[in-house]
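Asks: Below is the sequence, then the predicted model.
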Amino acid sequence: MIIEKLVLKDFRNFSSLVFDDLSPAVNLLVGENAQGKTNLIEAVNYLSCLKSFRGAGEAQLIREGKKSAYLAVSYRMASHGGKVEAALFSGEKRSVKVGGVPIRRVGELMGVINTVVFAPEDLKTVKESPSLRRRLLDMEISKIRPLYYADLQRYAICIKQKNRLLKEQRVDDALLDTFNETAAEAGAKIIRRRAKFVEMLAKEAAAIHAQLTDGGERLEISYKACVEGENLQEALIHKLAENREREKELRVSLIGPHREDLSIQVNGRDSKLYSSQGQQRTAMLSIKLACAQIAWHSTGERPVILLDDVFSELDISRRERLLSIIKKNQVFITSTDISGIKDVRGAKIFKVSGGQIFL
Ligand SMILES: Nc1ncnc2c1ncn2[C@@H]1O[C@H](COP(=O)(O)OP(=O)(O)OP(=O)(O)O)[C@@H](O)[C@H]1O
């Protein structure tokens with residue numbers, strides 16, 4: 001897919017922007033620090049999932065001193081084109097439209113615009129808590145399987161209610177059984193999808209990582225679920241029954257996909273504990289590019305790739321290998337330094353300065 005036009009009004013440090021001379025290949029957004037480069041790719045990404053990849057809330061996205069912000073992208077795919085727009089208001093509910101029609105749930109937007117973003121914050125996914133690795137899986141699967149998002153929501157609500165019950169003085173066993181049944185039903189679907197996705201991810205990411213490192217490093221990814229086998233739902237029911245007393249004693253839900261993790265190993269060792277910062281960054285980049293490959297295979301459309309400040313961390317040969325991997329996608333790359341990237345074939349260079357763009 002190709003983003004043809006981005007319109008911003010009072011979004012972050014952009015008061016008013018119509019950005020419509022985009023390249024269908026590489027777009028280099030170059031400028032000094034704090035000029036609005038990341039804000040631009042944050043806006044494109046926001047319209048794909050209604051979340052800021054920097055973890056910002058809606059209030060932070062609205063230009064300081066203003067009460068509302070507006071963002072819109074027009075896109076083109078092989079079969080059709082369309083428009084996604086969002087209006088954000090301080091203290092009021094946002095309004096989101098796809099093709100001019102308001103949507104009520106985030107799930108309705110999933111997969112409409114597919115982007116894969118890689119930003120310095122992504123290093124946390126390797127280094128920090130399992131919840132970030134689960135979030136990566138869940139976001140990427142939702143983009144290609146919008147129904148998965150509904151299963152996740154159903155499961156999350158169930159676990160929240162179950163945890164509330166487990167905190168009560170006297171736990172109603174019949175109610176606990178009901179929650180466990182719902183958790184097993186939705187949980188089994190989540191585990192099945194995650195396991196299948198990670199199987200593809202492991203293969204794609206290992207190949208990309210070998211390419212990026214010129215065969216110098218080996219990346220292995222795996223997902224260890226709490227249950228395995230043909231009938232995951234039944235296995236999960238049994239496991240929950242086995243752990244019922246322990247859950248009651250500890251007053252928290254311990255078993256299920258909300259407690260699982262993705263293992264990321266470089267050269268046979270846990271990347272979180274043993275890899276250098278550069279190795280972790282390359283591992284994460286390989287994982288994100290693999291997600292883009294999977295999205296392409298699953299939907300027939302190549303996602304838009306958003307790379308925030310990635311070049312400054314890569315040596316020239318890794319930059320060149322990276323560009324050859326993503327050369328068929330539309331790409332947005334932010335950088336403070338034009339040297340070393342100005343010769344990228346087919347690239348359009350935009351200067352970003354003080355919330356404005358110059359060609
Ligand atoms: N809600 C907001 N209203 C107005 N300005 C904002 C808002 N949020 C962020 N900014 C400003 O936007 C500017 C640009 O931020 P951005 O992160 O896009 O910079 P950048 O060009 O990517 O810089 P760097 O190269 O340092 O990463 C900053 O000066 C920041 O203070």
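Replies: Received the coordinates, thanks. All figures in this text were calculated on a predicted structure; none of them were measured in a lab. Numbering: from 1, shown residues only.
Asks: residue ranges with poor pLDDT in the protein?
Replies: For the chain, the stretches with pLDDT under 70 are 340-343.
Asks: interface residues of it facing the ligand?
Replies: By the rule Cβ under 6 Å from any ligand atom, the part of the chain lying against the ligand is 12-13, 31, 33-39, 60, 62-64, 309, 334, 336, 352. All C-beta spots, glycine's among them, are computed from the backbone N, C-alpha and C.
Asks: Where strands are concerned, which of these count?
Replies: Of these, the ones assigned to strands by DSSP state E are 334, 352.
Asks: Pull out the buried members of the residues of the chain next to the ligand.
Replies: Among those, those classed as buried by 16 or more other Cβ atoms under 10 Å are 12-13, 31, 35-39, 62-63, 309, 334, 352.
Asks: secondary structure element for residue 240?
Replies: Assessed by DSSP states H and E, residue 240 sits inside helix 232-242.
Asks: how about that helix: buried residues?
Replies: By neighbour count with 16+ other Cβ under 10 Å, helix 232-242 contains the buried residues 232-233, 235-237, 239-240.
Asks: repeat for stretch 221-233
Replies: Within stretch 221-233, the residues that qualify as buried are 221, 223, 225-227, 232-233, counting by 16+ other Cβ under 10 Å.
Asks: what's the answer for stretch 308-315, then?
Replies: 308-311, 314.
Asks: Can you tell me which of these comes closest to the ligand?
Replies: residue 309 (5.7 Å; Cβ to the nearest ligand atom).
Asks: Is that closest one in contact with residue 38, as I believe?
Replies: Yes. With contact defined as Cβ atoms under 8 Å, residue 309 counts as touching residue 38 (7.4 Å).
Asks: which residues do the two both contact?
Replies: In terms of Cβ atoms under 8 Å, 6 or more residues apart in numbering, residue 309 and residue 38 are both contacted by the residues 119, 334.
Asks: Pick the one among the buried residues of stretch 308-315 closest to residue 206.
Replies: For the buried residues of stretch 308-315, the minimum distance to residue 206 (Cβ to Cβ) is 19.0 Å, reached by residue 314.
Asks: Mind picking the two most distant members of the buried ones among the residues of the chain next to the ligand?
Replies: Pairwise distances across those (Cβ to Cβ) peak at 23.7 Å, for the pair 62 and 309.
Asks: Count the residues that sit near residue 24.
Replies: A count of nearby residues for residue 24, using other Cβ atoms under 10 Å, gives 15.
Asks: for residue 81, same thing?
Replies: When neighbours are counted by other Cβ under 10 Å, residue 81 registers 12.
Asks: what does the one 10 residues further on give?
Replies: Residues contacting residue 91 under the criterion other Cβ under 10 Å number 7.
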